[in-house]
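Trainee: Sequence and predicted model, in that order:
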Amino acid sequence: MTYVPRRSVLYMPGANERALEKAKTLPADALILDLEDSVAPDAKADGRKRVCEAVGAGGYGRRELTIRVNGLDTQWHADDLRAAAEAGPAGVVVPKVNSAADVHAIERALEAAGAPDHTAIWAMVETPIAMLRAHEIAAASERLTVLVMGTNDLAKELHAEHVPGRAPLLTGLSLALLGARAAGKVILDGVYNDVKDLDGFAAECRQGREFGFDGKTLIHPGQIGPCNEVFAPSDTEVEHARRVIAAFEAAAAEGRGVVTVDGRMIENLHVDNARRVLDVAAAIGAFDNGE
Ligand SMILES: CC(C)(COP(=O)(O)OP(=O)(O)OC[C@H]1O[C@@H](n2cnc3c(N)ncnc32)[C@H](O)[C@@H]1OP(=O)(O)O)[C@@H](O)C(=O)NCCC(=O)NCCSC(=O)C[C@H](O)C(=O)O
Ligand SMILES: [Mg+2]
C-alpha cells in the first residue's frame, strides 16, 4: 500500500463560506467538506452547492479534498452523492456505513452518476454493527480506500461516556482497526470535541498513533499542528529505524538472522517495520516540501 499522508483530516461545515476559504491556508493533509451533522436541514441544499463549487474551483493545493454526504437513510443522500460524483473530489465520505451492501449501493450510485475513478469511498464506521462488520465493510470494494471512525455516534449508540483514555470505546476502535488492516485499508481516528483542551487532544492523538491509526479527524484549525507532529515519525524514530536496518544488514552479511539494537531483538519483521517508518517519513517530508 503506497503511503499517502493523512495525519490530519479536518472537517469543516459545508455551509460556512469563511471556513471553506480559510482551509486553503491550513496545514491539514486532507479536508472533509461536511454536509451532514454540521449543516442544518434548511441549509443542506445551499451547502451542497457551495462545497461542490469549492471542489470544482480548487485552490486547496496538495490537500486531499473530500465531501461528506448525508447518510444512506436520509432524504438528502441521493442528491448529495450525485452532486459529489459530478464534482469529483478525491473522496466521498459516507456516514453510518453498516454493511457490505451499503458499500455496494454507494458504489453503484457513484458509477451511475459518472464519478471519476479517482473519487474513492471513505466509509464512516460509527455504530455497534459497523464495528462487528468492519472487515466486511472495508473489503467490500476496491473503491473504498479509507475507514473513518465516528466516535461521537459510536459513544451515543453505546450509551457510553466520553472519558479520558476512551475505555468504553477501545473494543470498537480495535475491531475497526482489525477490519481495516485485514483488508489492507487506511483508517482514521475519530474527533476530539474539546477544542480548547490541547493536552487532552495530544494524549488522544498519541493513543490513536499507538493503536495504529494512520491519522485523526479534526474539527478545529488549532488541532492540526499537534496532530501532524504525533502522526509523523519523530527524528528519534527515523534514526532508530536506520540503525535497525544497518545492524540487521551487517548481521545478515555474517550469515546471522537475528541481532540486538539497544538490547532489543531485531529480526526480519522489525526491519520491514523500520523500512515502513523511513518510507512514511520520506513521503511526509516530500508532502511538507510541496514536492
Ligand atoms: C467547533 C467549532 C464550532 C468552534 O468554532 P469557533 O468557536 O468559531 O472557533 P474559533 O473562533 O476558535 O475559530 C477560529 C478561526 O478558525 C476558523 N475555523 C474554526 N473551525 C474551523 C474548521 N473546522 N475549518 C476551517 N476553519 C475553521 C474560524 O472560522 C475562525 O476563523 P477566523 O474568523 O478567520 O479567525 C468550529 O471549529 C467548527 O465548526 N468545527 C467543525 C465542526 C464540524 O465540522 N462538525 C462535524 C464533523 S465532526 C462529526 O461529525 C463527528 C462524527 O460524525 C462522529 O460521529 O464522531
Ligand atoms: Mg457521526
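Mentor: Happy to help now that I have it. Note that the coordinates shown come from a computational prediction; the quantities given were computed from them, not determined experimentally. Ligands and ions are numbered 1, 2, ... in the order given.
Trainee: so Asp194 sits in a helix?
Mentor: No. Asp194 is assigned coil when assessed by DSSP: H, G, I helix; E, B strand; the rest coil, not a helix.
Trainee: if I look at it, how far off is ligand 1?
Mentor: 10 Å (C-beta to the nearest ligand atom, to the nearest Å). To be clear about C-beta, it is placed using only N, CA and C from the backbone, and glycine gets the same treatment.
Trainee: again with Lys22
Mentor: With C-beta to the nearest ligand atom as the criterion, Lys22 and ligand 1 are 4 Å apart.
Trainee: now Leu81
Mentor: Leu81 sits 17 Å away from ligand 1, going by C-beta to the nearest ligand atom.
Trainee: and if you look at Ala283?
Mentor: With C-beta to the nearest ligand atom as the criterion, Ala283 and ligand 1 are 24 Å apart.
Trainee: I'd like to know how many residues surround that residue.
Mentor: 16 (other C-beta atoms under 10 Å).
Trainee: so it is in which element?
Mentor: Using DSSP states H and E, the element containing Ala283 is helix 268-288.
Trainee: Can you tell me what sits against that helix?
Mentor: Residues from elsewhere that reach helix 268-288, judged by C-beta atoms under 8 Å, 6 or more residues apart in numbering: 3-5, 7, 29, 62, 232-233, 237-238, 240-242, 244-245, 248, 257.
Trainee: Quick check: closest non-adjacent residue to Leu65.
Mentor: Using C-beta to C-beta, 6 or more residues apart in numbering and skipping the chain neighbours, the partner closest in space to Leu65 is Pro89 (4.9 Å).
Trainee: what's Trp122 sitting at in phi/psi?
Mentor: Dihedral angles of Trp122 (phi, psi; degrees, to the nearest 10) stand at phi -110, psi 110.
Trainee: Can you get me a residue count around it?
Mentor: 27.
Trainee: Who are the contact partners of it?
Mentor: Counting by C-beta under 8 Å, 6+ apart, Trp122 has contacts Thr66, Gly91, Val92, Val93, Val94, Leu144, Thr145, Val146, Leu147, Val148.
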